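> Prediction below, plus the sequence it came from.
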Protein chains: 2
Amino acid sequence: MSTSLKTPAYEALAATFQRLHHLQHLQSIAYWDQAANMPPGGSQARGAALAEMAALMHRMRTDPKLRDELARAEQEPLDALQRANLREMQREWRQSNALPESLVQRAQLATSRCEHAWRTQRPANDWAGFVDTFREVLATAREEAALLAEQAGCGRYEALMDRFEPGMTCAQVDRIFGEVRQWLPGLIREVTERQSREPVIAPVGPFPVPAQRVLCEQAMRLLGFDFDAGRLDVSSHPFSGGAPEDVRLTTRYREDEFLVSLMGTIHETGHGRYEQGRPRELLGQPVSLARSMAIHESQSLSFEMQLGRHPGFARLLAPLVRQAFGEQPAFEAGNLHRLVTRVKPGFIRVDADEVTYPAHVILRYEIERPLIEGDIEPEDIPALWDAKMMELLGVDTRGNYRNGPLQDVHWPESLFGYFPCYSLGAMYAAQWFAAMRRALPDLDARIAAGDLAPVFDWLRQHIWLPASRYTTDELAIRASGEALNPAHFKAHLEARYLG
Amino acid sequence: MSTSLKTPAYEALAATFQRLHHLQHLQSIAYWDQAANMPPGGSQARGAALAEMAALMHRMRTDPKLRDELARAEQEPLDALQRANLREMQREWRQSNALPESLVQRAQLATSRCEHAWRTQRPANDWAGFVDTFREVLATAREEAALLAEQAGCGRYEALMDRFEPGMTCAQVDRIFGEVRQWLPGLIREVTERQSREPVIAPVGPFPVPAQRVLCEQAMRLLGFDFDAGRLDVSSHPFSGGAPEDVRLTTRYREDEFLVSLMGTIHETGHGRYEQGRPRELLGQPVSLARSMAIHESQSLSFEMQLGRHPGFARLLAPLVRQAFGEQPAFEAGNLHRLVTRVKPGFIRVDADEVTYPAHVILRYEIERPLIEGDIEPEDIPALWDAKMMELLGVDTRGNYRNGPLQDVHWPESLFGYFPCYSLGAMYAAQWFAAMRRALPDLDARIAAGDLAPVFDWLRQHIWLPASRYTTDELAIRASGEALNPAHFKAHLEARYLG
């Protein structure tokens, strides 16, 4: 950011966001520590400390002087980058200032109560109990949606989705998911039919945790993760946290299985490299932030799905797996690839393969949108869930709330509008690899030969470094010549699973 | 803290200090993480984040309204505990308001940079490189000392020491260390002479790190450390950090040796129990803080020296050591006790036995005091160091910066004035155990029988729960009938090493 006497309001804003960025660093490390290290007795003190910090940062973001500075900065002679930064500042400001403090507090209380209850309701399969606590979460979410929609002049669900995916409309999601709905069930049938004739050798455990950790770290190195600016640890719910200069990835290990933690680590490594690759000279400014959650997922899925389940990549993993656990027939590259591309309709979204995954997301979208818009009530969820699971995946979920609508933490936590990002991310990832293949016709051969640099170079140039400089559509067009086009995702699945 | 409409200023102050306490929690976790986890690339961002936080907390502590509230609270009808809390608030306020924010921030950046550089300079024996980064730390420390001294009307080094040891004067330290200087070299000669005739069996390594970690954690359990509210990790310079509800101890392991990490962990456990034992209902208020750093060290040294090197305690450790590393003649209780009470002049303060330890501290005091007062410059340190090490301990340190002035993190971290606390702490610890023995004539037999509860009960009642309710002198008098009296330390060394 250049400084100039002609842009005093802009400079003041940049300084404020820089300060917020520094405080957020401490907040992120404390969140990571809470998940990875904190002893149980520290929970209350940590909660109070994080609440204090959240309140402090909220006061900074709602300081009345910001409104004035944002208005004055609009009139200042900013260059293109500064103008993009101002646009992102305004976005962050609108989000922080859109909701009255009392509503934010009520929503926090409702979600923390519901999330706490959900932890015991899920294992108890207690749908009736859940509806009781969930009703309040939904009520505050509807209030939030109505306020945000009124301000933005858009639909209520769309207003919630905009927090994660700026610029995405329900019309677009309807069109995209509507298309997928038409070909997905047929594709799943065809793939599972074909795979039923393919023999796969199962790996034989146990897989000692220290060897799994080494394997995961080697995969991260292979994928260019910078251990000078990050680390891998253990937490019960894997995530990517920390700061761009100090990315904290987590995974979890089970001794009887190694592919879940390995592929999960590869997924988080995609998030991690996006964070590590954000433009260093702009860190602290909103324009340096990840573009959207779908774009963030497009990075984790570029790593986990496009690359991690690439037949060439299995050849790179095979020797590492043998090094970790010794020789086994299952560790032959072709068999490893068959293992990680196995398609099987199931109950649980986070365990789904890349072919059935979109069905889970479409189902969530088709339920949470009418829920927010008041067209259905919590009581209506189970019947809808059962019908859609049967229709999309052929799976019978009746009475199985635990592995049905109670499986995700998103609704108890009021994260309405997030689900679509997962599948939009998978579609963007397919679109990025299609663009890479047009630019580099020998891409697949290079990957098989262990030369992953072209992939990283393309992502760095087209996604990581631009960060939030352009809108999502502009970013996609600059990167791949077109806005989001789900045809690439369909083509990718057909090529990989029916090719 | 009771609330009352008659004490509005006091209540407002209490709320402010509670908020500061919450923010300090995040700060402490970030410091611990920096030492225990942070990858090198995260250093700059962490430094900037901690500087931002320090500045923010400094602004809270220097808010002009506090001066007014402190004055008004003086006139309010406070009870004895509230009045003690107000006294500690005033102390904290005076210290914070003596320094301008710009200086605090500069100091934070300088120490962060120097400490980071020191991590590579120390192993590289790079004294010249160190002086380069250290000069800035010293410059800001001298500025701080001058400002604090002017405000307190005392000497500049004394003003820095007061941050750690309120009420302690250079005149007292001169008198106490001057006395020790007279009898210490003779005692060291006498003890080493006597021990040269005592055979000791050396343990045979290697000592695998996982077994050492288990041993250290068992020793911590024996010493009553609450693992529900704390943990043990690894850092290059062991310390006790975190928060009372989440105490973070660190140690470091070497495969060829286990007693250093074990005794170091016992030391940190003393700090940790003091923190865990601070009065819970007062946490967040200054009156709940540790009384002083000498009192803090009196707890670590009560654990490491008084208890950890007690002949009876060796009988409790012996079976744990055998469990960790198998049977060895060296692990017989009597031999273990001889091992941990071996007196041998050496380079490293933290590895020193309790007899030679004060020599290291006197040396640091005699160098850092003139350094702060401008009588010497960083270039002068090595010659002084070499001369004093030869004079006090008969050790040749020429050219060995790594194990000389680069061995401690205190100077890179600008902790000038801290060193005396270590030896004052050893003296207080000897005084506490003398008082315990007067109250419990069978104390030594109880320790040998594995009944450590009387020690913990005495410390809890006399040191942990009173926290900062009384001044240090009052605390010592209430606990032991007299203010600091170094005669107990001399008597302890003579009884244990010449008895």
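Structure received.
> Show me what the longest helix along chain A is packed against.
Looking across chain A with DSSP state H, the single longest helix is helix A:8-36. Counting contacts by 3 or more Cβ pairs under 8 Å, 6 or more residues apart in numbering or on different chains; DSSP states H and E, helix A:8-36 packs against helix A:43-61, helix A:64-74, helix A:80-97, strand A:230-234, strand A:240-243, strand A:246-251, helix B:8-36, helix B:43-61. All C-beta atoms are positioned from the backbone trio N, CA, C, and that covers glycine.
> With mean neighbour count and mean pLDDT as added columns, please give these in TSV.
Listed next are these as TSV, based on neighbours: other Cβ atoms under 10 Å in any protein chain shown; pLDDT from 0 to 100:
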stretch	mean neighbour count	mean pLDDT
helix A:43-61	16	92
helix A:64-74	15	97
helix A:80-97	18	96
strand A:230-234	20	97
strand A:240-243	25	97
strand A:246-251	26	97
helix B:8-36	20	97
helix B:43-61	19	93
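> need the ones you listed in JSON lines with distance to A:Gly425, can you?
Formatted as JSON lines, those follow (distance: least, Cβ to Cβ, whole Å):
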{"stretch": "helix A:43-61", "distance to A:Gly425": "27"}
{"stretch": "helix A:64-74", "distance to A:Gly425": "30"}
{"stretch": "helix A:80-97", "distance to A:Gly425": "20"}
{"stretch": "strand A:230-234", "distance to A:Gly425": "21"}
{"stretch": "strand A:240-243", "distance to A:Gly425": "13"}
{"stretch": "strand A:246-251", "distance to A:Gly425": "17"}
{"stretch": "helix B:8-36", "distance to A:Gly425": "30"}
{"stretch": "helix B:43-61", "distance to A:Gly425": "27"}
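> So for B:Arg315, which of the ones you listed sits nearest?
Between B:Arg315 and those, the tightest spacing by Cβ to Cβ is seen for helix B:8-36, at 32.7 Å.
> the inter-axis angle of that closest one versus strand A:246-251?
80 degrees (axes from the mean of the first three to the mean of the last three Cα atoms, to 10 degrees).
> what's the spacing between the longest helix of chain A and its chain's center?
How far helix A:8-36 lies from its chain's middle: 21 Å, per Cα atoms, centre = their mean, to the nearest Å.
> that older thread, between the helices and strands packed on helix A:8-36, which gets nearest to B:Gly230?
Nearest to B:Gly230, of all the helices and strands packed on helix A:8-36, is helix B:8-36, at 10.9 Å by Cβ to Cβ.
> got the residues of the stretch 251-400 of chain A near chain B?
Neighbours of chain B within the stretch 251-400 of chain A, by Cβ under 8 Å from any Cβ of the partner chain: A:Leu283.
> Where does the stretch 251-400 of chain A get nearest to chain B, which residue?
A:Leu283 (7.7 Å; Cβ to the nearest Cβ).
> hang on, that residue packs against A:Pro244?
Yes - between A:Leu283 and A:Pro244 there is a contact under Cβ atoms under 8 Å: 5.8 Å.
> In terms of neighbours, single out the busier of those two.
Neighbours were counted for A:Leu283 and for A:Pro244 using other Cβ atoms under 10 Å in any protein chain shown; A:Pro244 has more, 25 against 18.
> Quick check: the more buried one vs B:Arg19, distance?
29 Å (Cβ to Cβ, to the nearest Å).
> in which helix or strand would I find A:Arg437?
Taking DSSP states H and E as the criterion, A:Arg437 maps to helix A:419-439.
> one step back: quick one: closest of the helices and strands packed on helix A:8-36 to B:Phe489.
Minimum separation from B:Phe489 across these (Cβ to Cβ) falls at helix B:8-36, 30.5 Å.
> tilt between the closest one and helix B:43-61?
With the same axes, to 10 degrees applied, the angle from helix B:8-36 to helix B:43-61 works out at 170 degrees.
> What are the boundaries of the helices in the stretch 201-350 of chain A?
Using DSSP state H, counting those that start in this stretch, the helices assigned to the stretch 201-350 of chain A run over residues A:209-222, A:259-277, A:293-301, A:311-325, A:333-340.
> could you dump those helices to JSON lines with mean pLDDT and mean neighbour count?
Shown next, in JSON lines, are the helices of the stretch 201-350 of chain A (pLDDT from 0 to 100; neighbours: other Cβ atoms under 10 Å in any protein chain shown):
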{"stretch": "helix A:209-222", "mean pLDDT": "98", "mean neighbour count": "18"}
{"stretch": "helix A:259-277", "mean pLDDT": "97", "mean neighbour count": "24"}
{"stretch": "helix A:293-301", "mean pLDDT": "98", "mean neighbour count": "26"}
{"stretch": "helix A:311-325", "mean pLDDT": "97", "mean neighbour count": "19"}
{"stretch": "helix A:333-340", "mean pLDDT": "97", "mean neighbour count": "19"}
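> Select, out of those helices, the one closest to A:Ala476.
Nearest to A:Ala476, of all these, is helix A:293-301, at 8.6 Å by Cβ to Cβ.
> Please name every helix or strand in contact with that closest one.
Using 3+ Cβ pairs under 8 Å, 6+ apart: helix A:293-301 touches helix A:259-277, helix A:419-439, helix A:472-480.
> Check which helix or strand A:Arg119 maps to.
helix A:101-124.
> Off-centre distance for that helix?
The chain centroid and the centroid of helix A:101-124 are separated by 22 Å under Cα atoms, centre = their mean.
> who's in contact with that helix?
By Cβ atoms under 8 Å, 6 or more residues apart in numbering or on different chains, the residues outside helix A:101-124 that reach it are A:58, A:126-127, A:129-130, A:133-134, A:136-137, A:139-141, A:143-144, A:147, A:402, A:406-407, A:409, A:412-414.
> Contacting chain B as well, which ones from these?
Among those, none lies close to chain B by the criterion of Cβ under 8 Å from any Cβ.
> And the helices and strands packed on helix A:293-301: which comes nearest B:Arg189?
If you check each of those against B:Arg189 by Cβ to Cβ, helix A:259-277 wins as the nearest, at 58.1 Å.
> Keeping just the C-alphas, turn that closest one into PDB.
Extracted C-alpha coordinates of helix A:259-277, given in PDB (Å, rounded to 0.1, in the frame of the first residue of the first chain):
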ATOM      1  CA  LEU A 259      -6.500 -42.800   4.300                       C
ATOM      2  CA  VAL A 260      -8.900 -40.600   6.200                       C
ATOM      3  CA  SER A 261      -6.200 -38.700   8.000                       C
ATOM      4  CA  LEU A 262      -3.900 -38.700   4.900                       C
ATOM      5  CA  MET A 263      -6.600 -37.400   2.500                       C
ATOM      6  CA  GLY A 264      -7.900 -35.000   5.200                       C
ATOM      7  CA  THR A 265      -4.400 -33.600   5.600                       C
ATOM      8  CA  ILE A 266      -4.100 -33.100   1.800                       C
ATOM      9  CA  HIS A 267      -7.400 -31.200   1.900                       C
ATOM     10  CA  GLU A 268      -6.200 -28.900   4.700                       C
ATOM     11  CA  THR A 269      -2.900 -28.500   2.900                       C
ATOM     12  CA  GLY A 270      -4.900 -26.900   0.000                       C
ATOM     13  CA  HIS A 271      -6.400 -24.400   2.500                       C
ATOM     14  CA  GLY A 272      -3.000 -23.900   4.000                       C
ATOM     15  CA  ARG A 273      -1.200 -23.100   0.800                       C
ATOM     16  CA  TYR A 274      -3.900 -20.600  -0.200                       C
ATOM     17  CA  GLU A 275      -3.300 -18.900   3.200                       C
ATOM     18  CA  GLN A 276       0.500 -19.100   2.900                       C
ATOM     19  CA  GLY A 277       0.200 -17.800  -0.700                       C
END
